[in-house]
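Q: fold the following, please.
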Amino acid sequence: MLGERIRKIRKQKKITLEALAGDELTKGMLSLIENNKANPSMESLTYIAERLGVDVTELLEETSAQERREILEKAEKLFNSADDTEKYKRLITLIEPVIAKISHGYESARLLDIYSRCLYGEKKDGWQEFSDRAAKLYDEMNLTAKRVEIGMFHARVEFIEHDYTQSLEIFLKERADIEANHAYIDPMTQVDLDYHEAINYFAVGNPEAATRAMESAIHFSKKNRIFYRIDDLYRLAAAQAMMTHDAEKKDHYLLKLKQYGDFAEDLMSILFFNLFQVRSLSSEKHDYTKALELVDQYFADPKMADIFEFWYLLEKGKAFYGLERYHEAIYYLDKVKVPAYAHHPFDLSMFYIMDSYKALCHLELGNRAEALQKAQTAVENFKPLPPTPFKDFAIETQAKIEKA
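A: Sure thing, here's the model as predicted:
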């Protein structure tokens, strides 16, 4: 209530009743106001606000800016904690008591933003309403980067459900709205928009539009010396080149990625480059022994045990298949799981192929029924995905086993 807010701010600023009352109010009247036993006039309220050094609207709000800042500080710390599996529930409990009482300012927008994401994370209804309120506040304050984050979040909700067409539609609409309402978009946010547009276009099987967006982002990054997304862009470009059998382009972007990884000491970039080297040895050069050596070097380092683990297990299984060691191939392929973060058709395609390799192993071992079942599983998984060499391989594998 109003009196409690006045008292709280006064105590936070270490101002006595006498000092706050000054020449225009008595200590007794101020005490009555703080205890909600008297309502100040607008003139008195303006006087109290000036003495406290705050805007009068802060006294009239049901939560003060200071309260919102304190809650947001706790919320940001908890939201960014990687190891707390209960953080969404805890954040909802923290923010829920004030969520209906906040209306403007950065703290309000960010609390609405975090709250909506936590509701979504807990699969609770109503998250969209709070996200839209946050987006509106970000628009009003011209906080373009934050507004873009919400737009990409809305699109990603559909993306992780593998409704790529709907995801692209949402993204393009959000981008159009943002560009219409924000006169200036900072360079890093511009790169983010182009990068995610490329991802979405690749996902729906429109490589021409995707390549334009991707190459625009790469060119813009180089021109403005922005390295914020350059590793992601090089990975995407290398993957796209692999899908189109463009070996020269693939090698070009992989080399760029390695140079960036070495320069920035970026472990993810280096591991991705190494992973593609393993894949090249196994799938293109058919040097399965060398591929296994590189995979074993990866697993020998305990620091890397959970980074790209399933990707390397997949390549190990494929290498053993190439060496005609089918039981070992199945053993390692059975260990492969599609990572929870993998939703893009490029990533899913690389993983769904594991069932095709299991099928080929079982065929060689004389288990035709098992081979056919695995081959059918692979083809079924690929159905909603756009065309790729991996999808073609799965279809060809099924046809081969059906004729066997």
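
Q: burial of the closest residue in space to residue 164 that isn't next to it in sequence, as a residue count?
A: Among residues not flanking residue 164 along the chain, residue 203 sits closest, at 4.0 Å (Cβ to Cβ, 6 or more residues apart in numbering). In short, each C-beta sits where N, CA and C put it, glycine included. By the criterion of other Cβ atoms under 10 Å, residue 203 has 23 neighbours.

Q: next, the buried residues of stretch 41-59.
A: Within stretch 41-59, the residues that count as buried by 16 or more other Cβ atoms under 10 Å are 44-45, 47-49, 51-52, 54, 58-59.

Q: low-confidence ranges, the stretch 101-250 of the chain, go.
A: By pLDDT under 70, the stretch 101-250 of the chain contains no weakly predicted segment.

Q: and the helices in it?
A: 106-121, 127-140, 144-159, 164-181, 187-203, 207-223, 230-243, 247-264 (DSSP state H, counting those that start in this stretch).

Q: including distance to residue 38, could the ones you listed go into JSON lines?
A: As requested, these are exported to JSON lines (distance: least, Cβ to Cβ, whole Å):
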{"stretch": "helix 106-121", "distance to residue 38": "29"}
{"stretch": "helix 127-140", "distance to residue 38": "34"}
{"stretch": "helix 144-159", "distance to residue 38": "41"}
{"stretch": "helix 164-181", "distance to residue 38": "45"}
{"stretch": "helix 187-203", "distance to residue 38": "50"}
{"stretch": "helix 207-223", "distance to residue 38": "61"}
{"stretch": "helix 230-243", "distance to residue 38": "60"}
{"stretch": "helix 247-264", "distance to residue 38": "63"}
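
Q: quick revisit: how near is the residue nearest to residue 164 to residue 18?
A: In this view, residue 203 and residue 18 are 67 Å apart by Cβ to Cβ, to the nearest Å.

Q: please apply the same query to residue 238.
A: From residue 238 to residue 18 the distance is 71 Å (Cβ to Cβ).

Q: with neighbour numbers in mind, choose between the two.
A: residue 238 (23 against 10).

Q: quick one: contacts for the more buried one?
A: By Cβ atoms under 8 Å, 6 or more residues apart in numbering, the residues touching residue 238 are 250, 253-254, 257, 276.

Q: and which of these is nearest residue 138?
A: Of all those, residue 257 has the smallest distance to residue 138: 33.1 Å, by Cβ to Cβ.
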